[in-house]
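> need a 3D model of the following:
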Amino acid sequence: MQRIYFDNAATTSLDPQVLEAMMPYLTEKFGNPSSIYSYGRESRMAIETARKTVARLLNAHPAEIFFTSGGTESSNTAIYAAIRDLGCTHIISSPLEHHATLHTVEHALKRGEVALSQVELLNNGHIDLEDLERLLAGSEGKTLVTLMHANNEIGNMIDLHVVGEMCKRYGAIFHSDTVQTVGHFPFDLRKTPVHFITGAGHKFHGPKGVGLLYINENVKIHPYLHGGSQERNMRAGTENLYGIVGFARALELATAAYEEDSAYIDGVRRYMMEQLLDRVPGVHFNGDPLGKSLYTVLSVSFPKTERSEMLLFNLDINHICASGGSACTSGAEQGSHVIRAINSNPNQVTVRFSFSRHNNKEEVDRVVEKLTELI
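Okay, the predicted model is just below:
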């Protein structure tokens, strides 16, 4: 039986064209980018070309683009820099953030480095912008606002411009976890009031283990990792050469195909919504799936029964890959902090289905058919 992969928000398959771009750097072009001989210069050139490509696609300056090991390192770097180098003593965040942000903020809070305010949520899981303004207006000391662009579990999106302008009015630093949106939406960073954004290659058919940290040119921070002058003294450690080349190529392909792919993927997602409403009684969608939301993610709550409690396990047995909320904790039994924050109904079982251009409506039909049997 063919496997159906509906967990693209966790990770995507590597595009063959991306692998092709990476192959020379996995084989004959192996020079250390910090070495001065020609092999090293060749590698250095590949990294700087990739940087220029990424900067052009996001409309940023190459000097604002730093390559990291992924979204987690990028968010950690930005949050700690805001506290230690930019003097932020107050953080405004939300209970829906990815653990890369949530745990970093909690760690700083435990160490007594910051005060923390959580912005209130609306019923549909969106951030209450009026509450955000209230918190900013009442904030004493320098503030860091860290709010994700799109939620990895329910898909809800904030307006970067609206939040960014609000932060600007109150002199706050703005970090946004954009891991689910870089490679999925167009960015124009020269016109976006944000200090830090993040990205991860494996979310848009690039390689794992490579990420992006955008640091606005007006922000001066110290490195998070020490021990070398790589990434213009911002990140010590030999660069992930083939990863960086792959990241840039994947972003290039994703940007070129954005119009076509986003419309197609959204069609598959909406079709699944229709089919589930039609076929499964008591089904409920989390977040704002028909409003300001990712076109790749559908968070579905099913009525809890003896049969549906084992739903993810049974889907897996039937070769269907989906996740129970956030993929990064799929082995843990705690359930999802995001679902708990917006939908505290204990009589529902939540599954996140997330799509890519490789999925189709026939797969949706097979999954919905299987769900009707399992529930």
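
> tell me how far stretch 34-42 is from the chain's mean position?
34 Å (Cα atoms, centre = their mean, to the nearest Å).

> could you dump it to PDB, C-alpha only?
Coordinates of each C-alpha in stretch 34-42 appear next as PDB, following Å, rounded to 0.1, in the frame of the first residue of the first chain:
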ATOM      1  CA  SER A  34      37.800  29.600   5.500                       C
ATOM      2  CA  SER A  35      40.900  28.300   3.700                       C
ATOM      3  CA  ILE A  36      42.700  30.700   1.400                       C
ATOM      4  CA  TYR A  37      43.600  28.300  -1.400                       C
ATOM      5  CA  SER A  38      41.400  28.000  -4.500                       C
ATOM      6  CA  TYR A  39      39.400  25.000  -3.200                       C
ATOM      7  CA  GLY A  40      38.500  27.000  -0.200                       C
ATOM      8  CA  ARG A  41      37.700  30.200  -2.200                       C
ATOM      9  CA  GLU A  42      35.400  28.100  -4.400                       C
END
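
> tell me the buried residues in that stretch?
Buried residues in stretch 34-42, counted by 16 or more other Cβ atoms under 10 Å: Glu42. Where C-beta positions appear, they are placed from N, C-alpha and C, glycine not excepted.

> now do it: everything it contacts.
Stretch 34-42 is touched from outside by Lys29, Phe30, Gly31, Asn32, Pro33, Arg44, Gly228, Ser229, Gln230, Thr238, with contacts defined as Cβ atoms under 8 Å, 6 or more residues apart in numbering.

> repeat that for stretch 264-274.
Residues from elsewhere that reach stretch 264-274 (Cβ under 8 Å, 6+ apart): 285, 289-290, 295-298, 353, 355-357, 359-361, 364, 367-368.

> can you give me how far it is from the chain middle?
Worked out by Cα atoms, centre = their mean, stretch 264-274 lies 21 Å from the chain centre.

> what segments of the protein are helices?
Ranges of helices in the chain, per DSSP state H, are 16-26, 38-58, 71-84, 99-110, 129-137, 160-169, 230-233, 241-256, 258-279, 311-317, 337-342, 361-374.

> out of the ones you listed, the one nearest Asn152 is which?
Nearest to Asn152, of all these, is helix 337-342, at 8.1 Å by Cβ to Cβ.

> before we move on, the earlier item: can you redo the helices of the chain as TSV with mean pLDDT?
Formatted as TSV, the helices of the chain follow (pLDDT from 0 to 100):
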stretch	mean pLDDT
helix 16-26	98
helix 38-58	97
helix 71-84	98
helix 99-110	97
helix 129-137	98
helix 160-169	98
helix 230-233	94
helix 241-256	98
helix 258-279	98
helix 311-317	93
helix 337-342	90
helix 361-374	96
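
> tell me which of those lies nearest to Gln2.
Closest approach to Gln2 among the helices of the chain is made by helix 361-374 (8.8 Å; Cβ to Cβ).

> let me know the closest of the contacts of stretch 34-42 to Glu260.
The nearest one, if we look at the contacts of stretch 34-42 relative to Glu260 and count by Cβ to Cβ, is Lys29, at 32.2 Å.

> what distance do you get for the closest one to Arg41?
The spacing between Lys29 and Arg41, counted by Cβ to Cβ, to the nearest Å, is 11 Å.

> pretty sure Leu122 contacts Asp131?
No - using Cβ atoms under 8 Å, Leu122 is not in contact with Asp131, being 9.3 Å away.

> end to end, how far does stretch 136-145 reach?
Taking Cα to Cα, to the nearest Å as the measure, stretch 136-145 stretches 9 Å from start to finish.

> buried ones in that stretch?
For stretch 136-145, a neighbour-count test (16+ other Cβ under 10 Å) marks Leu136, Ser139, Thr143, Leu144, Val145 as buried.

> same question for stretch 252-266.
So stretch 252-266, judged by 16+ other Cβ under 10 Å, has buried residues Glu252, Leu253, Ala254, Thr255, Asp261, Ser262, Tyr264, Ile265.

> least trustworthy position among the buried residues of stretch 136-145, going by pLDDT?
Least confident entry in the buried residues of stretch 136-145, by pLDDT: Ser139, with 95.

> how many other residues sit next to Ser43?
Using other Cβ atoms under 10 Å, Ser43 has 24 neighbouring residues.

> report the contact partners of it.
Contacts of Ser43 (Cβ under 8 Å, 6+ apart): Tyr25, Lys29, Phe30, Gly31, Asn32, Pro33, Glu239, Leu241.

> repeat for Leu160
With contact set as Cβ under 8 Å, 6+ apart, Leu160 has these partners: His149, Ser176, Thr192, Pro193, Val194.

> how about Leu86?
Neighbouring residues of Leu86 by Cβ under 8 Å, 6+ apart: Lys142, Leu144, Ile173, Val219, Ile221.

> now do the most centrally placed residue in the chain against Thr101, distance only.
Residue closest to the mean C-alpha point of the chain, counted by Cα atoms, centre = their mean, is Val179 at 2.3 Å. Using Cβ to Cβ, we find Val179 at a distance of 10 Å from Thr101.

> and for Asn318?
34 Å.

> equivalent analysis for Ile65, please.
Taking Cβ to Cβ, one finds Ile65 at 20 Å from Thr101.

> one more: Val18?
Taking Cβ to Cβ, one finds Val18 at 27 Å from Thr101.
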